[in-house]
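[1] sequence plus the predicted model coming up.
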Amino acid sequence: MPSGVRSAALRAASIAALLLLWWAGSQLMRAPDVLPGPAAIARTIASDLASTGPEGQSAYFHIGITLARIAITFAASMLVGTAVGLAMGISRTLEGALMAIIPLLLTVPTILMVFLAVMWLGFSEAGGLVAVMTVVAPYVAVNIFEGTRAIDKSLIEMGLTFRASRALLVRKVYLPQLMPYIFSAFRYAFGMTWKVVALAETFGLKYGIGYMFFFWFEQFNMRQVLAWIVIFVILMLVLEHGVFARLESRAFFWRDSAARHSPA
Amino acid sequence: MQHEPPARPPSPSAIAVRNLRKDFLAPGGDRSFTVLDSISLTVDPGEFVSIVGPSGCGKSTLLNILAGIESYEAGCVDVAGHAGKANSQPRIGYVFQTPRLLNWLTVRDNILFVLEAQRIPQPRWDERIAKYLRMVGLAGQERNYPLRLSGGMQQRVAIARALAIEPDILLMDEPFSHLDAITARKMRLDLTEILATARPTILFVTHDLAEAVFLSDRIYMMNTKPARIFKEVIVPIPRPRGPEDSKVLDLEKALVSEFFAAVETKA
């Protein structure tokens, strides 16, 4: 796939350019406490990973906690959002009722959701879970609901004329048509989840990568704040491109063939 | 004018429709209008019968009623089961205007879908798929995906899919109307060849009189709003036929003028 190689090369080049800009900026400013260079951050990350951090917890402990929170809140949001979206697709009443509420939820700024959840539920894991779910699940529900609307009725009719059972229709006709919507909800929800988890950790929860942002922010240690941001970004990029993108291209390979028409 | 079915040997019909009426709800919801009115027709086992009528006259609705996926208001619809087995449900194959394939499944899995739907025993799947793909000229395309095939080839897969369940009745709804003229012509010729070996009862819907004359044993001509059958024509031309045979062309010409006469007297 030459186009794939080209876009990968382009991506690598633009990341290299960003690092170069960062390096040049830090050289020009000559203020390592305000903008440390990439090399200094890399050294900080290496030493953070090798040693025990503040309060006696290792970096891996915080990373592990954050990943666990992302996994749990993401799974819960996907489950609830998908269930609600399907229910809206099936029931006109539910559609009408929820379509009035969901836009309200979607307009509340994320940071306010986090504050509200923390004020109601305290600095607890439950607060984080509720914050993520109120932000992410409505989005998932809307996406899945749109998927149910886009289902091609003529294919259902085809299945019915051949007397396909409900189970067979779900497996071979409904689900494959919903998959693109489930996947796009999946990816977007994942991006939203880790942002909200980081936010909740920064402003409410004990431990985790976001907690480290705040800890070092309070010490006004720019080097550590940047080090933790880089750790976080790298982790999320690996998950996003290494896992989801691969899954998606696997699930939809049949679409790529659309371009390659052969004559009758 | 009410059409009188001519006397026919008393063999039980594969399809018998008597005084069928179908109403649709008007957009808006409270008023309904009649799309099909006092439709009566019969199709004998193994016969190829066409219904010709203008677009939007309710032909597809009629096929959907026969396929059992659409209800009706009045009348009698009888679709006979497999010959010899009295109470068995008829196997109905359906070829739509567009292929209606499941694009995420291979050609093989598309056919497998209907074999599974019709509960055809698994040991027969491979043989069925190979046989009918060969019959429509698509041997070796089992693992290909529909979107890689041309429109004509996709419609061939749809025909193989309908034939693979070895239907008692094959319903075809303008199956060639979305293809270019040359592909459609080739498909018509191929269909007559295919039907020389696999011979289900066929009810074929079209707005193309030439196509109907070329393919059919008998033709019902239909008017619109509400749709009524105003004429029945037996096609006495021996097979094999060519699409340019003078008998085919002559009958088509005669039917076209009759068609316009009927439509004009209505308007």
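    Received, thanks.
[2] quick check: closest non-adjacent residue to the one residue in the stretch 101-250 of chain A that gets nearest to chain B.
    Proximity of the stretch 101-250 of chain A to chain B (C-beta to the nearest C-beta) peaks at A:Ala164, 3.8 Å away. Any C-beta I mention is one placed from the backbone N, CA and C, and that applies to glycine too. The spatial neighbour of A:Ala164 that comes closest, neighbours along the chain excluded (C-beta to C-beta, 6 or more residues apart in numbering or on different chains), is B:Ala117 at 3.8 Å.
[3] which stretches of the stretch 1-150 of chain B have low pLDDT?
    B:1-11, B:81-88 (pLDDT under 70).
[4] pull up the residues of it that are close to chain A.
    B:64, B:67-69, B:92-94, B:96, B:98, B:100, B:102-105, B:113-114, B:116-118, B:145, B:147-150 (C-beta under 8 Å from any C-beta of the partner chain).
[5] returning to that earlier point: tell me how far the residue nearest to A:Ala164 lies from B:Pro146.
    Distance of B:Ala117 to B:Pro146, given as C-beta to C-beta, to the nearest Å: 18 Å.
[6] please identify which of the two sits among more neighbours.
    Using other C-beta atoms under 10 Å in any protein chain shown as the criterion, B:Ala117 and B:Pro146 rank with B:Pro146 on top: 23 against 20.
[7] how near is the more buried one to B:Phe96?
    Relative to B:Phe96, B:Pro146 is positioned 14 Å away (C-beta to C-beta).
[8] lowest average confidence, helix or strand, in chain A?
    Taking mean pLDDT, DSSP states H and E as the measure, chain A has helix A:253-256 as its least confident helix or strand, at a mean of 68.
[9] about what we covered before: okay, and which of the residues of the stretch 1-150 of chain B next to chain A map to strands?
    B:Ile92, B:Gly93, B:Tyr94 (DSSP state E).
[10] so which of these wins on neighbours?
    B:Tyr94 (27 neighbours).
[11] partners of that residue in the sheet?
    B:Leu171 (DSSP bridges).
[12] quick one: it and B:Gly68 touch, right?
    No. B:Tyr94 is beyond contact range of B:Gly68, at 10.4 Å (criterion: C-beta atoms under 8 Å).
[13] shared neighbours of those two, which are they?
    Common neighbours of B:Tyr94 and B:Gly68 (criterion: C-beta atoms under 8 Å, 6 or more residues apart in numbering or on different chains): A:Thr161.
[14] for B:Lys247, which non-adjacent residue is spatially closest?
    Per C-beta to C-beta, 6+ apart, closest to B:Lys247 is B:Ile237, 4.7 Å.
[15] helix/strand/coil for B:Leu41?
    The assignment at B:Leu41 comes out as strand when based on DSSP: H, G, I helix; E, B strand; the rest coil.
[16] shaky segments in chain A?
    For chain A, the stretches with pLDDT under 70 are A:1-2, A:256-264.
[17] how about the helices of it, start to end?
    Ranges of helices in chain A, per DSSP state H, are A:2-29, A:38-50, A:59-90, A:92-107, A:110-121, A:125-149, A:153-161, A:166-169, A:175-203, A:209-218, A:222-237, A:245-251, A:253-256.
[18] most tightly packed of these?
    Most buried of the helices of chain A, by mean neighbour count (mean count of other C-beta atoms under 10 Å in any protein chain shown): helix A:125-149, with a mean of 22.
[19] OK, contacts around the residue in the stretch 151-267 of chain B positioned nearest to chain A?
    Minimum separation of the stretch 151-267 of chain B from chain A (C-beta to the nearest C-beta) falls at B:Gly152, amounting to 4.0 Å. When contacts are counted by C-beta under 8 Å, 6+ apart, B:Gly152 touches A:Ala264, B:Leu179, B:Asp180, B:Thr183, B:Lys186, B:Met187.
[20] same deal with B:Ile111?
    Counting by C-beta under 8 Å, 6+ apart, B:Ile111 touches B:Arg128, B:Ile129, B:Tyr132, B:Leu133, B:Val157, B:Ala160, B:Arg161, B:Ala164.
[21] okay, buried residues for the helix or strand harbouring it please.
    Secondary structure from DSSP states H and E places B:Ile111 in helix B:107-117. Neighbour-count burial for helix B:107-117, counted by 16 or more other C-beta atoms under 10 Å in any protein chain shown, picks out B:Val107, B:Arg108, B:Asp109, B:Asn110, B:Ile111, B:Leu112, B:Phe113, B:Val114, B:Leu115, B:Glu116, B:Ala117.
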